[in-house]
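**Student:** Okay, predicted coordinates and the sequence, questions at the end:
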Amino acid sequence: MVELITRIQGNTLNLYDDEITAQDIGSIMEFIGINPHITELNLTMNNIGDKGTTDIVKSPYSVQLTCLDLEATNTG
């Protein structure tokens with residue numbers, strides 16, 4: 001998985017087309033939890049599927065997200 005700290009742009013964690021899978025979501029959400037200034041998560045063009053989406057929603061850190069981009073993530 002890509003080094004997350006290098007993907008922060010302002011208040012956005014931009015993981016566009018970074019080969020993220022559902023297995024990576026737990027680590028990503030923990031990273032967001034220790035970086036409360038991150039309020040936007042871009043996962044466009046990653047294959048997270050329904051499991052990854054569910055893991056995001058179930059994470060206690062999802063409440064700090066005001067924008068979640070899941071375009072073309074193999075969900076639904």
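**Tutor:** Happy to help now that I have it.
**Student:** Could I get the contacting residues of the residue lying closest to D24 once chain neighbours are set aside?
**Tutor:** Distances taken as C-beta to C-beta, 6 or more residues apart in numbering put M1 closest to D24, at 5.0 Å, once the chain neighbours are dropped. Using the backbone N, CA and C atoms, a C-beta is placed for each residue, glycine as well. Contact analysis of M1 by C-beta atoms under 8 Å, 6 or more residues apart in numbering lists D18, E19, I20, D24, S27.
**Student:** Which of the three states applies to the fourth one?
**Tutor:** Secondary structure, DSSP: H, G, I helix; E, B strand; the rest coil: D24 is helix.
**Student:** tell me the two of the contacts of M1 that are most distant?
**Tutor:** Pairwise distances among the contacts of M1 were taken by C-beta to C-beta; the largest, 13.8 Å, belongs to E19 and S27.
**Student:** The residue nearest to D24 and V63, how far apart?
**Tutor:** If you measure M1 against V63 using C-beta to C-beta, to the nearest Å, the figure is 23 Å.
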